[in-house]
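J.: only geometry, no sequence info:
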């Protein structure tokens, strides 16, 4: 699965309306493992609390390289 596919799936699952905040091109391959862990966590959950969504978005922002 590509970085773009993982980011898109995560943002869809989190119901993020402004998807321009986090773009796949802002990540490089060095963070793939961390991004995959976030992806796996989000996908295994049926629902997420607002606090969890905020924490996940913050973590994604911290992984951005651009």
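T.: In hand now; what should we look at? A quick note: this is a predicted structure, and the numbers were derived from the prediction, not measured. Numbering: from 1, shown residues only.
J.: Assess the claim that residue 16 and residue 60 are in contact.
T.: No: if you go by C-beta atoms under 8 Å, residue 16 and residue 60 don't touch, sitting 9.6 Å apart. Bear in mind the C-beta positions are built from the backbone N, C-alpha and C, glycine included.
J.: Now list whatever residues contact both of these two.
T.: Common contact partners of residue 16 and residue 60 (C-beta atoms under 8 Å, 6 or more residues apart in numbering): residue 22.
J.: how near is the nearest residue to residue 13 once chain neighbours are set aside to residue 57?
T.: Once its chain neighbours are removed from consideration, residue 13 has its nearest residue in residue 42; the separation is 5.1 Å (C-beta to C-beta, 6 or more residues apart in numbering). Using C-beta to C-beta, to the nearest Å, residue 42 is found at 11 Å from residue 57.
J.: what do those two both touch?
T.: Applying C-beta under 8 Å, 6+ apart, one finds that residue 42 and residue 57 are jointly contacted by residue 14.
J.: So these two - more neighbours on which side?
T.: When neighbours are counted by other C-beta atoms under 10 Å, residue 42 comes out ahead of the other of residue 42 and residue 57, with 19 against 16.
J.: Pull the contacting residues for that one.
T.: 9-10, 13-14, 48, 56.
J.: Residue 66: which of those residues is nearest?
T.: Closest to residue 66 out of the contacts of residue 42 is residue 10 (17.5 Å), distances taken as C-beta to C-beta.
J.: rewinding a little: neighbour count winner among residue 16 and residue 60?
T.: Set residue 16 next to residue 60 and count neighbours by other C-beta under 10 Å: residue 60 wins out with 22 against 16.
J.: Could you report the pLDDT at the residue lying closest to that one once chain neighbours are set aside?
T.: Closest residue in space to residue 60, ignoring its immediate chain neighbours: residue 22 at 5.2 Å, by C-beta to C-beta, 6+ apart. Residue 22 carries a pLDDT score of 88 in this model.
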